[in-house]
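Participant: after the sequence you'll find the predicted model.
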Amino acid sequence: MIERYIETFNKFRDPLFKALFETADMMLFSMAAALILGLLLGFVLFITGAGGIYKNRSIYFMTSGFINITRSIPFILFIIVMIPVNRMILGTGFGVDASKIPLSLIGISLFARFTEQDLLDVNKNIHETSYALGASTLQYFSHFLLQEARSGLILSFTSTTVSLLSYSTVMGIIGGGGLGYLAISEGYYNFNYELMWIIILLMILIVHGLQTAGNTIAEKFDKR
């Protein structure tokens, strides 16, 4: 039985590595977008929401509305809806590059909401303490708020990354390729269940590695 899996792996080695590269390409781009823009939007939600130091209902409503809409649409439908947007931005609605846009948007929305919650979970006395020590608003954000929230933010980004890996498996609908598409197109549809299970095992190992790395880094940076 093991020989069948080894034979299948050897037969599909090149497509497997190509699919792995496509998945990594989509993931790295969307992870970078989620980290930068998701963190920024999360801060906007935190400071403009109820109890925020720059409370602004209009900004909070628009930002939160964008995040809620993006997260509420079933992802497979979201991909289809985004095809005209991909075409407008990139000149094509299909392919690996086109897949990065909807994947990035869902990553940004997920991490923004996680960031808001992580910042809200920080002890409220931190704000008063920072000002009692003479800290400016910028110093409060950088030296107090982020210091307290960074462990939670790392875990939240890890969860976002794992979710993006799961979402990337359906990007084949617009020709995005990747491991998920290979598992379905060559594995499930062609009754090549050995290939399908090899890819499933590979993705399990990737998720386990990501989660372990995230937990380790979060523990290291947890100085509360």
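Facilitator: On my side now, so go ahead.
Participant: low-confidence stretches in the chain?
Facilitator: Judged by pLDDT under 70, the chain has its weakly predicted residues at 223-224.
Participant: what packs against the lengthiest helix in it?
Facilitator: For the chain, the helix reaching the highest residue count under DSSP state H is reported as helix 193-221. Here helix 193-221 is seen to pack against helix 2-11, helix 13-33, helix 146-168, helix 179-182 when contacts are counted using 3 or more C-beta pairs under 8 Å, 6 or more residues apart in numbering; DSSP states H and E. For every residue, glycine as well, the C-beta is placed using N, CA and C.
Participant: out of the ones you listed, which is the most enclosed?
Facilitator: Each of the helices and strands packed on helix 193-221 was scored by mean neighbour count; the highest is helix 179-182, a mean of 24, by mean count of other C-beta atoms under 10 Å.
Participant: ok, residues contacting that helix?
Facilitator: With C-beta atoms under 8 Å, 6 or more residues apart in numbering as the contact definition, helix 179-182 has outside contacts at 12, 15-16, 19-20, 22-23, 168-172, 195, 199, 202-203.
Participant: and the furthest pair within those residues?
Facilitator: Phe12 and Val170 (20.4 Å; C-beta to C-beta).
Participant: and the helix or strand harbouring Phe43, C-alpha only, in PDB?
Facilitator: Secondary structure assignment for Phe43, by DSSP states H and E: helix 39-48. The C-alpha trace of helix 39-48 is given here as PDB (Å, rounded to 0.1, in the frame of the first residue of the first chain):
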ATOM      1  CA  LEU A  39      -3.300  45.700  11.400                       C
ATOM      2  CA  LEU A  40      -3.900  49.300  10.200                       C
ATOM      3  CA  LEU A  41      -7.700  48.700   9.900                       C
ATOM      4  CA  GLY A  42      -7.800  47.000  13.300                       C
ATOM      5  CA  PHE A  43      -6.200  50.100  14.800                       C
ATOM      6  CA  VAL A  44      -8.700  52.300  13.100                       C
ATOM      7  CA  LEU A  45     -11.500  50.200  14.500                       C
ATOM      8  CA  PHE A  46     -10.000  50.300  18.000                       C
ATOM      9  CA  ILE A  47      -9.400  54.000  18.200                       C
ATOM     10  CA  THR A  48     -12.700  55.100  16.500                       C
END
